[in-house]
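1. Sequence isn't available, so here's the structure alone:
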């Protein structure tokens, strides 16, 4: 048997080791999205509050965060007070209530405050699927034309807002003023 054949398992092992080692240093909240710099997907779904039909056009006009949330999501409960504070400071936030019972969503918003200017009822998860949502919470930053500029997977806390999202959001707001 040729000696080079014996090297094949070693080469495969080293290749796998390099691949796995690299993965140790990746940020799990930085999941790539094929939608960056593409329009927010078209949809027609009811609003959580009154069932009025909402479409992509309702999201246009100003930069905003689009937050995917659910009452079943423990991390969303952690994130909610931060979103409420941001909304009180004038940050535009739209909600996508993902794979949830609408009555539960209404009770949540009544009990914990409603930071969303619009809240889309995505009970079947069709919009979430089109957005490539892995779970909740996930947040998309869109510009005034509805183009997705950034995706954050996980809880938005004070640190994430300050270090990642605030500058991006403010840049879109400043760009909108020009």
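-> Now that the structure is in, tell me what you want to look at. If you're wondering where the values come from, they're calculated on a predicted model, not measured in any experiment.

2. switch to C-alpha atoms for all contacts and neighbour counts from now on
-> OK.

3. Give me the most central residue, this structure.
-> Nearest residue to the geometric centre of the chain (CA atoms, centre = their mean): residue 139, 2.2 Å.

4. would that residue count as being in a strand?
-> Yes: applying DSSP: H, G, I helix; E, B strand; the rest coil, one finds residue 139 inside a strand.

5. Let me know whether it touches residue 76 as I believe.
-> No: assessed by CA atoms under 8 Å, residue 139 is found out of contact with residue 76, at 11.0 Å.

6. follow-up on the earlier one: kindly provide the distance from the residue nearest to the centre of the chain to residue 96.
-> For residue 139, the distance to residue 96 equals 9 Å [CA to CA, to the nearest Å].

7. what sits in contact with each of those two?
-> Residues within reach of residue 139 and of residue 96 at once, by CA atoms under 8 Å, 6 or more residues apart in numbering, are 66, 67, 68.

8. Residue 138 versus the second one, what's the distance?
-> So that's residue 67. 6 Å.

9. repeat for the last one
-> Using CA to CA, we find residue 68 at a distance of 5 Å from residue 138.

10. One more: residue 171?
-> Applying CA to CA to residue 171 and residue 138 gives a distance of 21 Å.

11. Who has more neighbours out of these two?
-> residue 138 (22 against 14; other CA atoms under 10 Å).

12. Can you check the pLDDT for the more buried one?
-> On pLDDT, residue 138 comes in at 97.

13. what's the answer for residue 13, then?
-> Reported pLDDT for residue 13: 70.

14. same check, this time on residue 129
-> Among the per-residue scores, residue 129 holds a pLDDT of 95.

15. picking up where we left off before, can you name the residues that contact the residue nearest to the centre of the chain?
-> Residue 139 makes contact with 65, 66, 67, 68, 151, 152, 153, 154 under the criterion CA under 8 Å, 6+ apart.

16. Secondary structure class of the closest residue to it other than its chain neighbours, three-state.
-> Leaving aside its chain neighbours, residue 139 sits nearest to residue 67 (4.4 Å; criterion: CA to CA, 6 or more residues apart in numbering). What three-state DSSP gives for residue 67 is strand.

17. in stretch 138-149, what's buried?
-> Neighbour counts over stretch 138-149 (16 or more other CA atoms under 10 Å) mark 138, 139, 140, 141, 142, 143, 144, 146, 147, 148, 149 as buried.

18. biggest separation within the residues you listed, which pair?
-> Taking CA to CA as the measure, the buried residues of stretch 138-149 span a maximum distance of 19.4 Å, between 138 and 144.

19. Kind regards, and thank you for your time.
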